[in-house]
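K.L.:
quick one, structure for this:
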Amino acid sequence: MTAAKKVVLLTGCTRGIGAGILKQLLSHEHVHVVGVSRSATCEPPTPGAAARFTYVAADLAQGATAARAAVDAAVKTHNGQLDAVIHNAGVLEPLSRVATVDAVQWERAMTINTMSVLHLLQATLPALRTSRGTFVYNSSGAAAHGYAGWGAYCTSKAAANMIIECAAAEEDAVTLLSVRPGVVRTDMQTAIRETAAEAMKPEEYAKFTALHENGQLLSPEVPAAVFANVALATWDAIHGLSGKFFSFDSPELSAYQKQA
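P.N.:
Numbering: from 1, shown residues only. Next up is the predicted model:
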């Protein structure tokens, strides 16, 4: 039996974990993806999948207008169908201590990492209720642990997790999860090594540089598989986890860790 068509909206789809999620999603022939990112263009990584991929260039730093435009494009492309949202887009900067951080840059981080969750939820919940769909947020261990120099990032991720938890308490038909991807070999880790030494505590900075030097950073494909598989899970299979914050390798998500 042919699997029923699934439509997934994926933000931050051009690099790192997002690119891995896109590849994992498109490996399933019944899945159609609407990708959203700031980049001008994005090519599907899977040969032959171009017909199942639509790209929308949108900067979520622009707030609700950008989020609504991206969602409208997704819904119109597929006649109102939307089965899942994977909100992967986010920023680490500013890397600066609370006493001296540029408040404007802090507000930008909150807009991208936190307010975008609210904007996307408000834009997608009507369609997700209809499909009994799933909204997955790419969170961070920093949402539960404060690092010197990471105030904006830690705060914005923690606040986003609480939006997910509160929305889950309100939405019986939609499954909402926050997932921590682990320490992954991405541009974000490069930025930490290259720009965060002054703001971070030496011992914490050394921990991150050692992970790189010892080859212990995760491949983006590892957590990407979890995000994609959770998004494609049925309501019956996944809804019992709604509202929770998990690590990608949590036992509760073991059924969703298989890579394509």
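
K.L.:
ranges for the helices of the stretch 151-260 of the chain?
P.N.:
Secondary structure of the stretch 151-260 of the chain (DSSP state H, counting those that start in this stretch): helices at 151-170, 187-195, 202-213, 221-232, 235-238.

K.L.:
okay, these in TSV with mean neighbour count next?
P.N.:
The C-beta positions use only the backbone N, C-alpha and C, and glycine is treated the same way. Formatted as TSV, the helices of the stretch 151-260 of the chain follow (neighbours: other CB atoms under 10 Å):
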stretch	mean neighbour count
helix 151-170	20
helix 187-195	15
helix 202-213	13
helix 221-232	24
helix 235-238	14
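
K.L.:
would CSV of the ones you listed with distance to T14 and mean pLDDT be doable?
P.N.:
Formatted as CSV, the helices of the stretch 151-260 of the chain follow (distance: least, CB to CB, whole Å; pLDDT from 0 to 100):
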stretch, distance to T14, mean pLDDT
helix 151-170, 20, 99
helix 187-195, 11, 93
helix 202-213, 22, 95
helix 221-232, 13, 97
helix 235-238, 26, 96
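
K.L.:
kindly reformat those as CSV containing distance to A89.
P.N.:
Formatted as CSV, those follow (distance: least, CB to CB, whole Å):
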stretch, distance to A89
helix 151-170, 11
helix 187-195, 12
helix 202-213, 22
helix 221-232, 13
helix 235-238, 22
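
K.L.:
does L128 lie in a helix or a strand, and which?
P.N.:
Using DSSP states H and E, L128 maps to helix 116-131.

K.L.:
K76 is nearest to which of the helices of the stretch 151-260 of the chain?
P.N.:
helix 221-232 (20.5 Å; CB to CB).

K.L.:
thinking again about what came up before, what's the helix or strand that the helix holding L128 is followed by packed up against?
P.N.:
Downstream of helix 116-131, the first helix or strand assigned by DSSP H and E is strand 134-138. With contacts taken as 3 or more CB pairs under 8 Å, 6 or more residues apart in numbering; DSSP states H and E, strand 134-138 sits against strand 84-87, helix 116-131, helix 151-170, strand 175-180, helix 221-232.

K.L.:
for stretch 241-255, buried residues please.
P.N.:
241-248, 250, 253 (16 or more other CB atoms under 10 Å).

K.L.:
with just CA atoms, put that stretch into CSV.
P.N.:
Taking Å, rounded to 0.1, in the frame of the first residue of the first chain, the C-alpha atoms of stretch 241-255 are listed here in CSV:
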residue,chain,number,x,y,z
LEU,A,241,5.2,12.6,24.5
SER,A,242,3.6,16.0,23.8
GLY,A,243,4.9,19.0,25.8
LYS,A,244,8.1,17.3,26.8
PHE,A,245,11.8,18.4,26.3
PHE,A,246,14.0,15.5,25.2
SER,A,247,17.5,14.9,24.2
PHE,A,248,17.8,13.4,20.7
ASP,A,249,19.2,10.2,22.3
SER,A,250,16.6,9.9,25.1
PRO,A,251,15.2,6.4,25.6
GLU,A,252,11.7,7.8,24.8
LEU,A,253,12.9,8.7,21.3
SER,A,254,14.8,5.4,20.6
ALA,A,255,12.2,4.4,18.0
